[in-house]
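Trainee: Predicted model, plus sequence, below.
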Amino acid sequence: MKMTLDKRLGIIGGGAMGEALVRGVIKAGVVEPPAVMVSDVRTERLEMLAGETGVKVASSNVALARECDIVILAVKPFVVSEVLAEIAPVMNLRQTLISIAGGISLDFIEQKMGNRIPVVRVMPNTPCLVNEGASAFALGAKAGAEQAGQARMIFGAVGRVVEVPEKLMDAVTGLSGSGPAYGYLIIEALSDAGVRQGLPRDLATELAAQTLLGAARMVLETGEHPGRLKDMVTTPGGTTIEGLFALEEGAVRASISKAVEKAAARSREMSRRGGA
């Protein structure tokens, strides 16, 4: 049985992530196009989204916040404070505010909203654009099971979604938030290696990308530990163990771990500075 939100959904910010959410929830049948409203400073973005998806265009952020039951803040961190100042006077405790702005804490948003609105903080990642996102959400002080369900439905329409305590959001940012870039780097490196071995670039890139996609699906769909799946590919004295040895010589595990650590530390720093 298909689950529907049965709420009016507003998205402040019609950029890449805002568009991904619009298209995702409509395609998944979570909401019907007339129940979605979008606001953005760029008229051409709004006209495009309305023309291609059938959503409504809001005349302003305030008009959107007045009309919608769930408001998603999909703007850059440096304008969050300004937008919250706009919408705080017109929102009420029966509404939900969801923020996907990186580095902006629940406490910051709740204070700006007068500590009376249910707030959810979400860290999505860019594969949401192709409905393969990994999103984590944390509930604010006034949010509960209803708001958790809303977040699961909305972000589940563009990938997988999990709930975490807010103290783990920086770790999420370092892992899945920044993780696609690590994946692209690995795909590029595999492609380069294939070219070095004589493969054409387009073929090498396709094989590299599909290999990582397949490996990821094996982990998610079998539920097996990655180490066990790795061992299934590795035969004694074979080719794979030689490749793995080279990766261990290059300290690939430590390098990836350090990348996540550095990104998480930067996220904590940004949170302390209010997203700057």
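Mentor: Received the coordinates, thanks.
Trainee: just checking, Ser39 touches Gly14?
Mentor: Yes: counting by Cβ atoms under 8 Å, Ser39 touches Gly14, with 7.4 Å between them. All C-beta atoms are positioned from the backbone trio N, CA, C, and that covers glycine.
Trainee: got any residues that touch both of these two?
Mentor: Residues touching both Ser39 and Gly14 (Cβ atoms under 8 Å, 6 or more residues apart in numbering) are Leu46.
Trainee: can you map out the strands along the chain?
Mentor: 9-12, 36-39, 56-57, 70-73, 96-99, 119-123, 133-139, 159-163 (DSSP state E).
Trainee: quick one: contacts of stretch 144-152?
Mentor: Residues outside stretch 144-152 that contact it (Cβ under 8 Å, 6+ apart): Leu5, Lys7, Ile70, Thr96, Ile98, Pro118, Val120, Val122, Phe137, Leu139, Val161, Glu163.
Trainee: okay, which residue is most central for the protein?
Mentor: Central residue of the chain (Cα atoms, centre = their mean): Pro124, 1.3 Å from the mean position.
Trainee: Not counting its neighbours along the chain, what's nearest that residue?
Mentor: Nearest non-adjacent residue to Pro124, counting by Cβ to Cβ, 6 or more residues apart in numbering: Ser135, 4.1 Å away.
Trainee: same thing with Glu47?
Mentor: In space, Glu47 comes closest to Val57 once its chain neighbours are excluded; the distance is 7.5 Å by Cβ to Cβ, 6+ apart.
Trainee: contacting residues around the one you found?
Mentor: Val57 neighbours (Cβ under 8 Å, 6+ apart): Met37, Val38, Ser39, Leu46, Glu47, Leu49, Ala50.
Trainee: my read: the residue nearest to the centre of the chain touches Ile100, true?
Mentor: Yes: if you go by Cβ under 8 Å, Pro124 and Ile100 touch, sitting 5.7 Å apart.
Trainee: Which neighbours do these two have in common?
Mentor: Common contact partners of Pro124 and Ile100 (Cβ under 8 Å, 6+ apart): Met17.
Trainee: show me the contacts for Pro200.
Mentor: Applying Cβ under 8 Å, 6+ apart, we find Pro200 in contact with no residue.
Trainee: Quick check: it vs Lys262, distance?
Mentor: As judged by Cβ to Cβ, to the nearest Å, Pro200 and Lys262 stand 35 Å apart.
Trainee: Extract the C-alpha set from stretch 89-105 and format it as CSV.
Mentor: What follows is stretch 89-105, C-alpha atoms only, in CSV (Å, rounded to 0.1, in the frame of the first residue of the first chain):
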residue,chain,number,x,y,z
PRO,A,89,6.3,35.3,12.8
VAL,A,90,3.9,33.3,10.6
MET,A,91,4.6,29.7,11.5
ASN,A,92,2.8,27.9,14.3
LEU,A,93,3.3,24.8,16.4
ARG,A,94,1.1,22.7,14.1
GLN,A,95,3.6,23.0,11.3
THR,A,96,7.0,21.3,10.9
LEU,A,97,10.2,23.0,9.8
ILE,A,98,12.8,20.7,8.2
SER,A,99,16.3,22.1,7.6
ILE,A,100,18.9,20.6,5.2
ALA,A,101,21.3,23.5,5.6
GLY,A,102,24.7,22.1,6.5
GLY,A,103,26.3,23.2,9.8
ILE,A,104,23.2,24.8,11.2
SER,A,105,22.3,23.2,14.6
